[in-house]
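> for reference, the sequence and a predicted model appear below.
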Amino acid sequence: MPNWGGGKKCGVCQKAVYFAEEVQCEGNSFHKSCFLCMVCKKNLDSTTVAVHGEEIYCKSCYGKKYGPKGYGYGMGAGTLSTDKGESLGIKYEEGQPHRPTNPNAARMAQKVGGSDGCPRCGQAVYAAEKVIGAGKSWHKSCFRCAKCGKSLESTTLADKDGEIYCKGCYAKNFGPKGFGFGQGAGALIHSQ
């Protein structure tokens, strides 16, 4: 098809894109009306776009399709999603049942009269001092990162094998490793 009138070609519909309707992303041009997530068809902008090769996604769909999988990589605090990603070609596998860090915590709670046991210290947790995170009741003073000791909130929490971590420590210790997974733009990390 001839490109009458010049202009760049849209990365989605392959038709000419004129300046007044152009959106640029990663060196490609798009019509404003074509600049949509490939999965959910939501409108995108520079803050919501995620690019994978020649495909464009909203950050949510990109994370579901290409992001890390497992507990601690949810969609935010207090959200529950039953979407397992089948519509994105993701195969769901049943995981092993969760096992607590302190197997005596349940026994301790029974002795104290029905209050929950704190997974960190094993002591009873009463309503006045209770913080709930990772599906368990914690003392406010015990609700800290297992690595750095930073105080946590439900939005800054990541869970692995019954322990809780801040997002930074979780990413450093359990996240992807290698080129492209550094601490930020141009950062070099020296470890011994």
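That came through fine. Residues are numbered from 1 along each chain as shown.

> now the helices for the chain?
Using DSSP state H, the helices assigned to the chain run over residues 59-66, 105-112, 167-174.

> lowest average confidence across the ones you listed, which one?
Of all the helices of the chain, helix 105-112 carries the lowest average pLDDT, namely a mean of 46.

> for the chain, which segments count as strands?
8-9, 16-17, 22-25, 28-31, 49-52, 55-58, 116-117, 124-125, 130-133, 136-139, 157-160, 163-166 (DSSP state E).

> from Gly135, how far off is Pro119?
Using CB to CB, to the nearest Å, Pro119 is found at 10 Å from Gly135. Backbone N, C-alpha and C define where each C-beta goes, glycine included.

> go on, Lys64?
22 Å.

> which of those two has more neighbours?
The residue with more neighbours, out of Lys64 and Gly135, is Lys64; 22 against 11, by other CB atoms under 10 Å.

> any idea how far Tyr57 is from the more buried one?
9 Å.

> then Cys13?
17 Å.

> these two - which one has more neighbours?
The residue with more neighbours, out of Cys13 and Tyr57, is Tyr57; 24 against 12, by other CB under 10 Å.

> report pLDDT for the nearest residue to Tyr66 once chain neighbours are set aside.
Distances taken as CB to CB, 6 or more residues apart in numbering place His52 nearest to Tyr66, at 6.0 Å, with adjacent residues excluded. Here, the pLDDT recorded for His52 equals 84.

> which residues does His52 bridge with?
Beta-bridge partners recorded for His52 (DSSP bridges): Glu55.

> in this protein, which helix or strand is least confident?
helix 105-112 (a mean of 46; mean pLDDT, DSSP states H and E).

> you'd agree Cys121 is up against Ser137?
No. The pair formed by Cys121 and Ser137 falls short of the contact definition of CB atoms under 8 Å, at 11.8 Å.

> who's more crowded, these two?
Ser137 (22 against 15).

> and that one, bridged to which residues?
Ile132.
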